[in-house]
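[1] sequence-free structure coming up:
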């Protein structure tokens, strides 16, 4: 019932608990709380067992506040991600300043479509991991690939419990001179590519990316292409608004822009009377 | 042996602010056969002296592979060492399962040290009776750590532990500043030379010692028996040569005064209490 | 009353006839034998400094630190058994993480101090030994910069400036001379470095490394190591001051 | 006060069928915990028992009239939510969200074994429905120096399966001081799949490698662990297109022969590779889930060798 | 009593209008007072604004038992927290607790989760007046204003058009009253009176606004005139 603190193996990080504990999780938690129990250790394979333990089962069986597509691509200096700032509630456009891209550490960025509360939860897990890195202060921070793989495990394991985190995530980053771009879906489906898009964007924006994206494109080109993708999504996805953020990760780190609007085209002559050529049609 | 009423368990402080049980556990490390470790900018080398329980027995195992990027050498209670090595292996496997990347050497060593500390503070436990030399290579380069039964751990450029390790340590202290740019071959040579200092019963040969290497693009590998033989032979050859040229610094005889100046007993116990 | 040999000093669960728990005193002894750690609260933050004694020249520089972060905004300097110190730090980190998870915000200084103190206190109650570690806690939360000291006994108190370890007496005297409420952390770093060099006993311990950290406005209220250039300046100034003293 | 207490316990009994319990943690915080004893978790085994064949994907989805409790749960969702302007009110009941724990990412794997080699290959297309997710996703995973696995189907399951096998392989090596043999790996894969029989990995696997005698071996599996050693096999979305070609070009050894034959094909390594290439070219023409590129691995005494072949991108 | 019996299995739902608006220096949180079971109004003067701390208030919509339970737990936890820190809690801390209880109980009620759509608002010395939107599902968002409940659907347009930054306390209160009474004018599940709580650095003030004080809208009679005997006159015609 109450928000229970995450208990996790130090080896695996938050949200990831050893399977040996799993069958008798209640007891294991007690032992962890016990001062006498070494706060280290764990056994393989169960990720994110902090759920449904003791307390009631948690199931997002339905998404409530949701975000739509996230688009991303690689370019010369790193990766660029973009999405609008709408939090939809069914088809109500309810929250119009919802940030759906968050930095994780200095060189990784997560963009999320789907349920916002689940995204919030995921960010909490990741913040615990990055805080842990900060505290260790040993120059070893999670790389984009590691974050991507971690998220894949978390999403997949929640799916295994029939308790999915209702998101499609885009993970982008830059590390050791290499761009990374990948995406993870709510059942753990994951892949990396030079350009990715979640939700409607997979249908609307990716064809554009397939045609025009190449890994050496300049920042301006990349931005223009991404904005084309956003514009198409805005024209054809009813749950989107003309208020976008664009973010990039390069060797300098990650930056997320302030929300801004795109110029859209409604001035075609045919739009004035679209049915003129065939009177009686719609 | 001197005894007092404060030395029978690890949950009793002595009036001087010491915990004798921990110090005794550290003595157990000194009973084990010697192990040395040293690193350059690219590689870490661990070398161990193996004992055989009898003429008829095999030589004990002193080195354990933890993962492709890490391995340990142990001195002291082998059984304790095996428990810890199993724990370390499991942590590495877990980490690469979740993150698809090797576990940081320093973080694992820290976990092991924390685990060891718990055993120094429970009335129903005893400290681990084993010292670990952990060699590994990760994102931040090569690392050599020494894990002590006290729950302390130290990152070294070169270190030796176990029986008569002071001699090896003296050798390393004299040479370690040159290790940074040494080749793997040279590192192995230094490892064997220093190990030799700690070797009393007979010669160093490919049966009673083993060398392991790990480093840049070099997965952890144990050289034993035939794979080690060329290195031992090279050592013997050089040894013969060295006798004629710069024998002075490396000669065992030179160690005697140093040994007195810093007897192991004087150095180790404060280490348990300090920093 | 003397403790040794009476049998009243063997466990934490035994009071001596005059109401002392000697095991706690003995643990304190371990702290008193250890390298000095000092902390001062300046007007814009807190500075921690540690005299880390180096047991071998083959150790990697900067390893085995004794100042740790336990959250973005909180740091701990330990004195005493290093291994014990890490357990305290682990606990502090867990408390900070739990608090953040539970309440969604950074743990306030007094709460963290309280939690660490309770944890240490537990170990003075039953079949374990008290932690042989003194803890200085620096926090910068919404209520401002704070410095706490938590003793082996489980007593936690807030300070403007304090010190633990071998040189604590001398260090405290020096701290008392500082005008802490007018001092910035930049000045504080220099002062801390100087004090540590002053109280270091060359005769008994040879080598030591100076560790410095701060949590202040300049560091965006994050607990982190003092920037390398400032660290170097502080160390040089401290050495120079020491030589001046020697000349006098 | 009394009335209030009563209300609360009523609330609790309707909500959680249990009363709150106080619990004190060692850090001195007192917290309250409510435990739910509703047994919804169990109900899943109820439907999953249906999933005996590997048409799991379809059977596991809620069907009209299938009143197993967990899907009742899905369908009864949010009656109450309607009252606070929830999404349903606007979208209408048709917008009801449901989800399947499975996806089919398609793809085809082929393996052919010869006297002293094994060829194992898979395309690199990853798709879902009519959507190509990526054109460059390997399906093949090296388990040991002499053993590779290729899996089509649900990518997330396949990844997890591969990782699990790799991990067990490492553990085996730690404790036995030698790598797992191909034969042992084949058995373990079967066990691993069978252990998840009631919530299977939706992955169609081929295991290929060199056995202890140095002979090529192909193991072919269904999703729940039934397996067989053969000389050649095909799995995945292009199976129906490729298997007839293989059967036509190669003859399967009768499983009834005594003593059992290992079934290695008589082809030379080069012939086998050519055959595999032809198979993929054929499947790429007619199967939308097969395309982009084929990764062909040859395992023989000298190690594992990789080559690739382009396929159509349509 | 069919209209009750038919709905016996249902718990009372606060088909509701709730609102929270921040202004420079504080917040106003408001609600209507109607609680109904089916078509029956089982409470016409309820209080849907629950204090969670001295300085933080929660306006509840959704299932009454669910939201009351959440409020009870949050109060319990906040009490402990306040004792530990020795001052009023931060608004975000309290809101976060409420959110977590909702989020961590997505599986109760046979998988439906808690039916709780709430607005949490308050004032603290660190961050001033703050409003948090907490729609169903465990999302928590800091916003300048939030509305929820069945009646809120009728006033989104009003809020979008009429909200502006920099309102004074008095203006904000009038704004809230108008928003809620507009919702009550069209939503059968919202009605009764308007309750407001205003929180600023000096503490919380409650206010109850009856129909007779309210401005009538299109096709409504002016109740202010009914009371003073001048008769009801339909406006806007």
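    Nice, thanks for sending it over. What you see is a predicted model, and the numbers here were worked out from it, not measured in a lab.
[2] Quick check on residue C:213: phi, psi?
    With angles defined as degrees, to the nearest 10, residue C:213 shows backbone torsions of phi -140, psi 160.
[3] Then residue C:179?
    Reported as degrees, to the nearest 10, the phi and psi values for residue C:179 are phi -90, psi 80.
[4] Roughly how far does it sit from chain B?
    Computed with CB to the nearest CB, to the nearest Å, the distance linking residue C:179 and chain B is 32 Å. Glycine gets a C-beta too; all of them are placed from N, C-alpha and C.
[5] any idea of the pLDDT on that residue?
    Each residue has a pLDDT score; the one for residue C:179 is 95.
[6] Also residue C:4?
    Looking at residue C:4, its pLDDT reads 79.
[7] Check residue B:201 too.
    Looking at residue B:201 specifically, the model assigns a pLDDT of 68.
[8] Give me the number of neighbouring residues for residue 244.
    All of this refers to chain A. Other residues lying near residue A:244 total 23 when counted by other CB atoms under 10 Å in any protein chain shown.
[9] sorry, should have said chain C
    Neighbour count of residue C:244, defined by other CB under 10 Å: 9.
[10] Now it: phi and psi?
    Dihedral angles phi and psi of residue C:244 (degrees, to the nearest 10) take the values phi -60, psi -50.
[11] anything in the longest helix along chain B near chain C?
    The longest helix of chain B (DSSP state H) is helix B:78-99. No. Taking CB under 8 Å from any CB of the partner chain as the criterion, helix B:78-99 and chain C are apart, separated by no less than 15.1 Å.
[12] Tell me, how many residues neighbour residue 139?
    The chain I'm using is chain A. Neighbouring residues of residue A:139 were enumerated by other CB under 10 Å; the total is 11.
[13] not what I meant, chain D
    Counted with other CB under 10 Å, the burial measure for residue D:139 works out to 32 neighbours.
[14] And for residue B:42?
    For residue B:42, the count of nearby residues is 18 (other CB under 10 Å).
[15] Please apply the same query to the one 10 residues further on.
    As a burial measure, residue B:52 scores 12 neighbours (other CB under 10 Å).
[16] surely it meets residue B:58?
    Yes. The pair formed by residue B:52 and residue B:58 meets the contact definition of CB atoms under 8 Å, at 6.6 Å.
[17] What residue in chain C comes nearest to chain D?
    residue C:118 (5.0 Å; CB to the nearest CB).
[18] Backbone dihedrals for that residue, both of them.
    Here the main-chain torsion angles of residue C:118 (degrees, to the nearest 10) amount to phi -60, psi -40.
[19] Got the confidence number for it?
    Note on residue C:118: pLDDT of 94.
[20] From residue B:20, how far off is it?
    29 Å (CB to CB, to the nearest Å).
[21] go on, residue B:203?
    38 Å.
[22] Residue C:120 now?
    Using CB to CB, residue C:120 is found at 22 Å from residue B:20.
[23] Which single residue in chain A comes nearest to chain D?
    Residue of chain A nearest chain D, by CB to the nearest CB: residue A:90 (2.3 Å).
[24] Run a quick neighbour tally on that residue.
    Look at residue A:90: counted by other CB under 10 Å, it has 20 neighbours.
[25] same question, residue C:155
    Applying other CB under 10 Å, we find 11 other residues in the vicinity of residue C:155.
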